[in-house]
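Engineer: My questions are about this predicted structure, shown below with the sequence.
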Amino acid sequence: MPAPVRTTRSPASPAAPSLRTERALLRQGMTLVAGMDEVGRGALAGPVSVGVVIVGEATRPAPAGLRDSKLLTPAAREHLVEPVRRWCLAYGVGHAEAAEIDAFGSMTGLRLAGRRALAAAGQVPDIVVLDGSHDWLTDPARAGLFAEVAAPDPGDLAAPVPPVMTVVKGDRSCSSVAAASVLAKVERDAIMTRRHEEFPAYGWAVNKGYAAPSHRAALAARGACREHRRSWNLGGGSSAGPEQEGAAVGRSAGGKSR
């Protein structure tokens, strides 16, 4: 097992991601390499969601058209879901709900969602390639930048996680990370579209819970509902009517391809 938390910078972002980083790790003796990415971290409402995609030595080049989810249209992302699931060895998507983010903080919410994604994948990788420069997956009570600040344990953070290697712009250079971003984005978008049916005033079918002007205006006019992150500065009232009260229930979702 490698030492946890190495940060690398991807080369000038290529037109398409590749398995170069993953194959380098496999040549070092790894058997399973996971790419991981998050979506919804900056949203005002709904869950933060994390995708994970696991590849191995026999994994072939990624499906045509795969890119960082932010570079794709909604239709292109949805079209890639089944090819990505067939391509990888295992995959999962995990979520941490607004109530959990409020209770434990945004970093612990990310960690919860990441752990749930790994559990949904059903396989334990030798290393996780994490998009960005900060390792939010590793328990800060054990390692990491904020080791002295241990967040409350919501109950499913006890299991150890694999070592982590962070890669700046990994969602643009690493195929497994780009694939994880697509799965997480499509699943979270679908969640917010369904929740729009219960709370149509906030426009989540379009803005997916982010701070769009129409969402801000609805918050100012109506206040927050149970799907909002009430510990955040929402820019509007935080009260809710009786029909909106109640804590959101955390959940994980995902699966594995084989």
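Structural biologist: Right, received. Where do you want to start?
Engineer: how about the helices in the protein?
Structural biologist: 20-27, 74-87, 98-104, 106-121, 170-173, 175-198, 204-207, 213-222 (DSSP state H).
Engineer: Redo those as CSV? Include mean neighbour count and mean pLDDT.
Structural biologist: For glycine as for every other residue, the C-beta is placed from the backbone atoms N, C-alpha and C. Shown next, in CSV, are those (neighbours: other CB atoms under 10 Å; pLDDT from 0 to 100):
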stretch, mean neighbour count, mean pLDDT
helix 20-27, 17, 97
helix 74-87, 16, 98
helix 98-104, 22, 95
helix 106-121, 24, 95
helix 170-173, 26, 94
helix 175-198, 24, 98
helix 204-207, 18, 97
helix 213-222, 16, 95
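Engineer: So which of the ones you listed is nearest residue 49?
Structural biologist: Nearest to residue 49, of all those, is helix 175-198, at 4.0 Å by CB to CB.
Engineer: And that closest one, what does it pack against?
Structural biologist: When contacts are defined as 3 or more CB pairs under 8 Å, 6 or more residues apart in numbering; DSSP states H and E, helix 175-198 sits against strand 32-39, strand 48-56, helix 74-87, strand 90-96, strand 127-131, helix 170-173, helix 204-207.
Engineer: wait, which of these is closest to residue 116?
Structural biologist: strand 90-96 (2.8 Å).
Engineer: How about residue 212: what's its closest non-neighbour residue?
Structural biologist: Nearest residue to residue 212, sequence neighbours excluded (CB to CB, 6 or more residues apart in numbering): residue 203, at 6.8 Å.
Engineer: circling back: reformat the helices of the chain into JSON lines and put distance to residue 229 next to each item.
Structural biologist: Shown next, in JSON lines, are the helices of the chain (distance: least, CB to CB, whole Å):
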{"stretch": "helix 20-27", "distance to residue 229": "33"}
{"stretch": "helix 74-87", "distance to residue 229": "24"}
{"stretch": "helix 98-104", "distance to residue 229": "5"}
{"stretch": "helix 106-121", "distance to residue 229": "8"}
{"stretch": "helix 170-173", "distance to residue 229": "23"}
{"stretch": "helix 175-198", "distance to residue 229": "13"}
{"stretch": "helix 204-207", "distance to residue 229": "13"}
{"stretch": "helix 213-222", "distance to residue 229": "11"}
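Engineer: For residue 58, which of those helices is the nearest?
Structural biologist: Taking the helices of the chain one by one with CB to CB, helix 20-27 is closest: 9.8 Å.
Engineer: what's that closest one packed up against?
Structural biologist: Short answer (3+ CB pairs under 8 Å, 6+ apart): helix 20-27 packs on strand 32-39, strand 127-131, helix 170-173.
Engineer: same for the shortest one, what does it pack against?
Structural biologist: Using 3+ CB pairs under 8 Å, 6+ apart as the contact criterion, the secondary-structure elements in contact with helix 170-173 are helix 20-27, strand 32-39, strand 127-131, helix 175-198.
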